[in-house]
Structures are given as structure tokens and as C-alpha cells.
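Visitor: 3D model of this:
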Amino acid sequence: MAQPARAVVLTPFGPVTLVEVAGVLVRLDWWADPGETSALLEEASRQMAAYFDGRLQRFDLPLNWGEGLHAAVRHAMAEIPKGETRTYGQIAKAVGAPAQAVGQACGANPLPILIPCHRVTGTDWFGGFSAPGGVETKAALLRHEGALLL
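Guide: Coordinates of the predicted model:
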């Protein structure tokens, strides 16, 4: 198995670490864990900077989408345009799975921000989020994208 490469990216929410294995991004960690970087991680860092500067609408990077339902849910999340949201129920209908399973798949997303699980909410509630700060960070990301005006 290839050694993972890591790059720390500074964000408005603090440092995050992007992890690459064999030319694919596999994880975003919500803390700094520097390591040997790569051309892919340098490009991912540039794209994340452009996202936070408001210059990037959609990431164009090789990502680990997972398998089965997780892959279907991650692809559905990636199709949500910046500045918009979908409910767990809408994603569930699109992928043919129960909303609770979609919520679990969202919570298991190893690449938050890059695969925008923050754009998925409940019908009458906000939903959870894996980042430090939880739903406050989710709200801040949605505000950044213009999807939440609170």
C-alpha cells in the first residue's frame, strides 16, 4: 500500500489536513498533521484557497467516492450547486435509499468541504456536521456560499 501524502491547508475554520493515497484524495482531517506533500495536494490546496476566496464553484480533484450507498450519496452531494442545499429526503429519493441511511452516509463522508455534506439538511432541522464547531461550522460554510443568510 502506498504511503499517504499530507498537506495542511489554512481555512477560515483553522487548519485542515488533506490526505492522498496513490493519486486520490482519501480524507480531510480538521487539524494540522503535516507530512510529505505531492502535486495533487498542491492543486487541492490551490482549489481550496480559491473556494474560500469565492473564486471556485466546484472542486475538480480525484476523490475516493467509497462504494455502494456511500458512493451514491457522495456523488449526489457533489452535484448540489454551491449556494444551494438539499434535504436528506431529497437525496434519499435520488439514490433510492431511506433518509436515515443517507444521513449516516453523510456523517461518514471522509472528505467534507470537497464533497459538500454541509449542503444537506433535514426538512425541519439543520442536521449534524463532523467539524469542530459542528453545526456552527456547517452554518458558516453555508453562509460563505450564500445558501444561509442568518
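
Visitor: Can you spell out which helices and strands pack onto the longest helix seen in the chain?
Guide: In the chain, assigned by DSSP state H, the helix with the most residues is helix 39-52. Applying 3 or more CB pairs under 8 Å, 6 or more residues apart in numbering; DSSP states H and E, we find helix 39-52 packed against strand 5-11, strand 14-21, strand 24-29. Glycine gets a C-beta too; all of them are placed from N, C-alpha and C.

Visitor: now those in TSV, with distance to Ala105?
Guide: Below are those laid out as TSV (distance: least, CB to CB, whole Å):
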stretch	distance to Ala105
strand 5-11	24
strand 14-21	20
strand 24-29	16
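
Visitor: will you turn those strands into TSV that also has mean neighbour count?
Guide: TSV is the format used below for these (neighbours: other CB atoms under 10 Å):
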stretch	mean neighbour count
strand 5-11	18
strand 14-21	19
strand 24-29	18
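
Visitor: how about those, which one is nearest Asn109?
Guide: Nearest to Asn109 among these is strand 24-29 (9.0 Å), distances taken as CB to CB.
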